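K.L.:
model the following, please.
(one chain, ligands or ions: 1)
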Amino acid sequence: MSYILSSVPPQTAFSTLIVALVLAGVLYSSIVGRRKDINPPGPSGNASRELASGQTVAVFNRWRKEYGPIFSFNLGFKKVIVLNNAKATTDLLVKRGDIYSNRPRLVVAHEILSGSMRGLSMQYGDMWKKWRKMQHAGMNGRAALAHREHQSLESTVLLRDLLRTVDVDEHNNLLQRFATSVVLGISYGRRVRNLDDEMVKQNYMALQEYQRANSPGRYLVETWPILLWLPKPLQWFRPPLESIRRKDTNTYLTFFRNVKSRFAAGIAKDCMAVSAIANSKAGSDDLSEVEVAYALSAPFSAGIDTTLATLQYAIVFALLYPEALKKAQVELDAVVGHGRLPTFDDEKSLPYLSAFIKETTRFRPVVPLAVPHAATADNVYEDYNIRKGTVVYGNIDALCRDSTAFSNPEVFTPERFLITSEAGQDKIDPRYVDFNLPFGFGRRICPGMQVALQSSLFWAFDILPPASGILPDPDKYTNVGLTRGPEPFNYRVRPRHVDVAKILEEEGAEADVRLKEWEY
Ligand code: HEM
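P.N.:
Numbers count the residues shown, from 1 in each chain. Have a look, this model is predicted:
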């Protein structure tokens, strides 16, 4: 998932001229009596340099200790506010969803390169609402049943292949292939057999261009959108970006039209593309064909790194907390037994396992700062006047470590999510019942959060330290845009009982055949 912090203003004579214009604007607004800016405390000056280290989470957490739960700073000409407690994030990002559901403006990556069609960075408004409706329709209801079937089959193949493979690098490829296939199954009803797949490569290419276009300081127009007032032929930055856009558009349209042909032939699997085709009404003001084609790429940009990192953390915590893994396995043995793989229907009977997964997402949230929101109107909160256009981060990492919400937050404790009985009364903190904090806030909350994580890994395998005995350090991260995962680590898997290999080989062979329905 990518949404990089904004760009650094360059020091040129031209910028001096613009500064003069901006100052004139500020002077004008103070003369006409605008409410005085009162910002939360924070570091002075332009914070770009400090944030350029790429250690944004660590820097934010340091500033939180220094300036308090709501702090602010300047990034170029942008004002940024970071919310670090549950009250402020709920008050603003959830309860004032009508004001705080926008995204910061991305002139190059979103507007020019993507024709304003990428939902993740889309401004809040009618088009985003249609985009979001399409995401929901494609992930829930009838489509969800097809996703579950596809995901279960892929999961069986994954376990079988993990068992056959000793090399940990190869394990990571298998996990990544699994996450990629699940996500492309959601968008296009299509399976990915290996990571050299053309659809995967082309999607990655488009994503890399988007990330490159987002690199801080790369484009003057990002800091000075006033350059968009130049006649188009004079906008020197535009032609290469538009050429990439034509290529991306072509790629996405080809993917979508492929599903359309399969739909017409009656052979398309249920997926987001199919639900978009089925729900579109001639002559309506729905998303256009090209907008739908772009919308179908959203799960690829937002769903793969996040799913993969969560799976990797589940393995890390199984290694670091073997007693928690053991409890999950005792539960699996009691509910599922040794004779078959777990299914989605077992989920409700596996509370400890589901608590383990929740705790995994809390203990090291994989999108630690969510995706930045932005305010669409001036408003007052506590003692502060927050201006329209202010960028607002909900610091998920800090919220998940808040000791007023989670007792002993630095200890991995799935039990906190279990219902306990005290004096004959069932007890659970209501905040934990639908725990979705790692998935963001309010109207922008992750639409893919129902894409369930797999339970069968722990059914099949004991997760063991490598021969070297070196365990992973959960505080060493690999960052990909706004997503983070653990640094590469070693481990071994060992089948838990005599029947595992036989079941995985048999069910794996059957899954290979059934998955052909998703192959094209
Ligand atoms: C464990 C896995 C995942 C985590 C932790 C996660 C987390 C997040 C977070 C924190 C946000 C930002 C919410 C905000 O702005 O407040 C987000 C947005 C989003 N996620 Fe996920 N996500 C996960 C998996 C997925 C999957 C599997 C998909 C798709 C199949 C997906 C699709 C999206 C999309 C499209 C958005 C943008 C929503 C918008 O801007 O309206 N995510 N996710």
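
K.L.:
so what's the residue lying closest to Pro495 once chain neighbours are set aside scoring on pLDDT?
P.N.:
Spatially, and ignoring its direct neighbours in sequence, Pro495 is nearest to Ala501 (5.6 Å; C-beta to C-beta, 6 or more residues apart in numbering). To be clear about C-beta, it is placed using only N, CA and C from the backbone, and glycine gets the same treatment. Ala501 is assigned a pLDDT of 95 by the prediction.

K.L.:
any idea how far Asp161 is from Ala501?
P.N.:
12 Å (C-beta to C-beta, to the nearest Å).

K.L.:
between these two, which contacts overlap?
P.N.:
Common contacts of Ala501 and Asp161 (C-beta atoms under 8 Å, 6 or more residues apart in numbering): none found.

K.L.:
so between these two, which is more surrounded?
P.N.:
Shown here are Ala501 and Asp161; by other C-beta atoms under 10 Å, Asp161 has more neighbours (18 against 14).

K.L.:
and the longest helix along the chain, what does it pack onto?
P.N.:
Secondary structure of the chain read by DSSP state H shows that its longest helix is helix 238-264. If you count contacts as 3 or more C-beta pairs under 8 Å, 6 or more residues apart in numbering; DSSP states H and E, helix 238-264 packs onto helix 168-188, helix 198-213, helix 272-279, helix 289-295.

K.L.:
average pLDDT across the shortest one?
P.N.:
Averaging pLDDT along helix 289-295 yields 97.

K.L.:
quick one: the next helix or strand after that helix to chain centroid distance?
P.N.:
Counting by DSSP states H and E, the next helix or strand C-terminal to helix 289-295 is helix 298-320. A distance of 10 Å separates the centroid of the chain from that of helix 298-320, by C-alpha atoms, centre = their mean, to the nearest Å.

K.L.:
please enumerate the helices of the stretch 401-520 of the chain.
P.N.:
Listed in chain order, the helices of the stretch 401-520 of the chain (DSSP state H, counting those that start in this stretch) span 430-433, 456-460, 499-514.

K.L.:
related to what we said a few turns ago, what's the closest of the helices and strands packed on helix 238-264 to Ile315?
P.N.:
helix 168-188 (8.6 Å; C-beta to C-beta).

K.L.:
that closest one near the ligand anywhere?
P.N.:
Yes: contact between helix 168-188 and the ligand, assessed by C-beta under 6 Å from any ligand atom, occurs at 183, 186.

K.L.:
helices or strands up against that helix?
P.N.:
helix 126-139, helix 141-164, helix 198-213, helix 238-264, helix 272-279, helix 298-320.

K.L.:
list the buried residues in the fifth one.
P.N.:
Buried residues in helix 272-279, counting neighbours by 16 or more other C-beta atoms under 10 Å, are found at 272-277.

K.L.:
repeat for the third one
P.N.:
Buried residues in helix 198-213, counted by 16+ other C-beta under 10 Å: 199-200, 202-203, 206-207, 209-211, 213.

K.L.:
so for whichever helix or strand comes after that helix, mean pLDDT?
P.N.:
Next helix or strand after helix 198-213 toward the C-terminus (DSSP H and E): helix 220-223. The predicted model assigns helix 220-223 a mean pLDDT of 94.

K.L.:
and for stretch 251-261?
P.N.:
97.

K.L.:
what's it in contact with?
P.N.:
Here stretch 251-261 has contacts from 187-190, 199, 202-203, 206, 268, 271, 273-274, 277, 289-290, 292-294, 296-297, 520, using C-beta under 8 Å, 6+ apart.

K.L.:
quick one: it to chain centroid distance?
P.N.:
The answer for stretch 251-261 is 24 Å, by C-alpha atoms, centre = their mean.

K.L.:
and stretch 489-498, by the same measure?
P.N.:
The answer for stretch 489-498 is 29 Å, by C-alpha atoms, centre = their mean.

K.L.:
what residues sit buried inside that stretch?
P.N.:
Buried, per 16+ other C-beta under 10 Å, within stretch 489-498: 489-491, 493, 495-496.

K.L.:
which other residues reach it?
P.N.:
Taking C-beta under 8 Å, 6+ apart as the rule, stretch 489-498 contacts 162-163, 168, 171, 315-316, 319, 329, 338, 459-468, 470-472, 501.

K.L.:
do the same with stretch 292-304
P.N.:
1-2, 114-115, 117-120, 131, 134-135, 176, 179-180, 182-184, 186-188, 203, 206-207, 210, 249, 252-253, 255-256, 272-273, 276, 280, 287, 446, 448, 451.

K.L.:
got the contact list for Val107?
P.N.:
Taking C-beta under 8 Å, 6+ apart as the test, what Val107 contacts is 219, 221-222, 225, 228.

K.L.:
just to revisit the earlier point, quick one: which of the buried residues of helix 272-279 is nearest to the ligand?
P.N.:
Met272 (8.6 Å; C-beta to the nearest ligand atom).

K.L.:
I'd say that closest one and Ser187 touch.
P.N.:
Yes: contact criterion C-beta atoms under 8 Å: Met272 and Ser187 qualify, at 5.1 Å.
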